[in-house]
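Colleague: predicted model, plus sequence, below.
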Amino acid sequence: MLTKSLAVLLLWAHGAPAAPAPESLLDLALNPPPTFYQGRMMVTHWRGKRARAEEVEIYHAPNNRKRREFIAPDGRILRMIISDGESEQVHWLKSGKTLRGDAVKSYEKLMSPEKERELLLKNYSLAVSGPDKVAGRFAWVLEFKPLVSGKPHQQLWIDRQTGVILANKRLLPKKSFAVLSRFSRFEPRKTLDDSLFRLDAASAGAVSGHGLEPDFMSLEELNEATGKTMRFPADLPGGFVFESADFFDIGKQVIRHLRYTDGLAVISLFQTQRPVKPPKQPDLQTGDGAGSLRLSGASRVLAWKRKKQYFTLMGDVSGEILGNISSSLK
């Protein structure tokens, strides 16, 4: 039986004149077909009066195998992230340092894909336009418009031939925030050399875990793991629903991290015993870049104190939405 994604691709391949239905394109974005490809991508963040960009050479193979080479303006490779689908290594070429951990997609999320899709359709309207061109290739444009003001608008350019997301743009209208990842060169391949995705076994004993893998805990599991009962809501204003929780230690301080989603945008809530100073300019978050629906980079940060606890909210939403959420938590 054909999957929805493959059925859409076959329809395009036979020259269907009409644009696909928005939900068909959404299913293709959420469940991309297994495709080998190589390409060069530019990831740009605009925040306030500042803009930051990073160029990445990407190799992709089925089963979540990826190789990302981050390129300096003079063409040097600054760092590499290599994943075999289960584990990944981060290499810094200048220092020779290597960190190793589990690949993010090797973890089973707490919220099911069906629930996440349902939330997205509940909070956003979808529309299709095009075809348009990205990296010399025809693509349909899938647009997400929030039903609540203050949330991000997002556009995906989906390749008509392969179903791969060629460009991904997220912005807050009338706000000085936007993120764009876009292929400047995209080459579908019949196959790629397995050595591109092979982890460095020779240095396995010398590397340390990077600790960046998220846990996907329930609220009950979080309280049990940290040994302290904290009452957090299952829902937040604006259509956000609890997705998962995590915690980590910095010195003697336990930091609790809760994630809420509306199906597309994500709100992070951090609880600490000491005040934290949010970064003036968060690091670039390339994620899976154009090849993925998810694209992040915190637009707003809001912090407050309640009794002896400190809270920090971060998300790609307006200050008004963060203010409404913080009021519900105080």
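Modeller: Nice, I can see it.

Colleague: can you give me the helices in the stretch 201-330 of the chain?
Modeller: 219-226, 319-329 (DSSP state H, counting those that start in this stretch).

Colleague: neighbouring contacts of the longest one?
Modeller: Outside of helix 319-329, the residues within contact range by CB atoms under 8 Å, 6 or more residues apart in numbering are 148, 150-151, 233, 236-238, 240, 267, 269, 300, 302, 304, 306, 311, 313, 315. C-betas here are computed from N, CA, C, even on glycine.

Colleague: including mean pLDDT, could the helices of the stretch 201-330 of the chain go into TSV?
Modeller: What follows is those, written out as TSV (pLDDT from 0 to 100):
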stretch	mean pLDDT
helix 219-226	86
helix 319-329	90
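
Colleague: tabulate those helices (TSV), appending distance to residue 58 and mean neighbour count.
Modeller: Output for the helices of the stretch 201-330 of the chain, formatted as TSV (distance: least, CB to CB, whole Å; neighbours: other CB atoms under 10 Å):
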stretch	distance to residue 58	mean neighbour count
helix 219-226	34	16
helix 319-329	32	16
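
Colleague: now list the buried members of the contacts of helix 319-329.
Modeller: Burial by neighbour count, 16 or more other CB atoms under 10 Å: within these this picks out 150-151, 233, 236-238, 240, 267, 269, 300, 302, 311, 313, 315.

Colleague: quick one: which of these is nearest to residue 196?
Modeller: Nearest to residue 196 among these, counting by CB to CB, is residue 315 at 34.6 Å.

Colleague: if I look at the closest one, how far off is residue 238?
Modeller: Note on residue 315: its distance to residue 238, by CB to CB, to the nearest Å, is 10 Å.

Colleague: for residue 25, helix, strand, or coil?
Modeller: Here residue 25 is recorded as helix under DSSP: H, G, I helix; E, B strand; the rest coil.

Colleague: please tell me I have it right and it contacts residue 160.
Modeller: No: if you go by CB atoms under 8 Å, residue 25 and residue 160 don't touch, sitting 10.5 Å apart.

Colleague: so for the two, which sits in the more crowded spot?
Modeller: residue 25 (21 against 18; other CB atoms under 10 Å).

Colleague: look up how far residue 116 lies from the more buried one.
Modeller: Going from residue 25 to residue 116 by CB to CB gives 16 Å.

Colleague: common neighbours of residue 25 and residue 160, please.
Modeller: By CB under 8 Å, 6+ apart, residue 25 and residue 160 have these common neighbours: residue 140.

Colleague: related to what we said a few turns ago, distance to residue 34 and pLDDT added to the buried ones among the contacts of helix 319-329, as JSON lines?
Modeller: Shown next, in JSON lines, are these (distance: CB to CB, whole Å; pLDDT from 0 to 100):
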{"residue": "150", "distance to residue 34": "37", "pLDDT": "92"}
{"residue": "151", "distance to residue 34": "32", "pLDDT": "93"}
{"residue": "233", "distance to residue 34": "39", "pLDDT": "90"}
{"residue": "236", "distance to residue 34": "36", "pLDDT": "93"}
{"residue": "237", "distance to residue 34": "39", "pLDDT": "93"}
{"residue": "238", "distance to residue 34": "35", "pLDDT": "93"}
{"residue": "240", "distance to residue 34": "32", "pLDDT": "96"}
{"residue": "267", "distance to residue 34": "32", "pLDDT": "92"}
{"residue": "269", "distance to residue 34": "35", "pLDDT": "92"}
{"residue": "300", "distance to residue 34": "37", "pLDDT": "81"}
{"residue": "302", "distance to residue 34": "41", "pLDDT": "88"}
{"residue": "311", "distance to residue 34": "42", "pLDDT": "90"}
{"residue": "313", "distance to residue 34": "37", "pLDDT": "91"}
{"residue": "315", "distance to residue 34": "32", "pLDDT": "89"}
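
Colleague: need the max-distance pair from these.
Modeller: Spatial extent of these (CB to CB) is set by the pair 151 and 311 at 20.9 Å.

Colleague: just to revisit the earlier point, pick the one among the buried ones among the contacts of helix 319-329 closest to residue 275.
Modeller: Of the buried ones among the contacts of helix 319-329, the one sitting nearest to residue 275 (CB to CB) turns out to be residue 311, at 10.1 Å.

Colleague: ok now do that closest one, which residues does it touch?
Modeller: Neighbouring residues of residue 311 by CB under 8 Å, 6+ apart: 269-272, 303-305, 326, 329.

Colleague: which among these gets closest to residue 19?
Modeller: Relative to residue 19, the closest of these is residue 269; by CB to CB it sits at 38.4 Å.

Colleague: correct me, but that closest one touches residue 246?
Modeller: No: counting by CB under 8 Å, residue 269 does not reach residue 246; the two are 11.1 Å apart.
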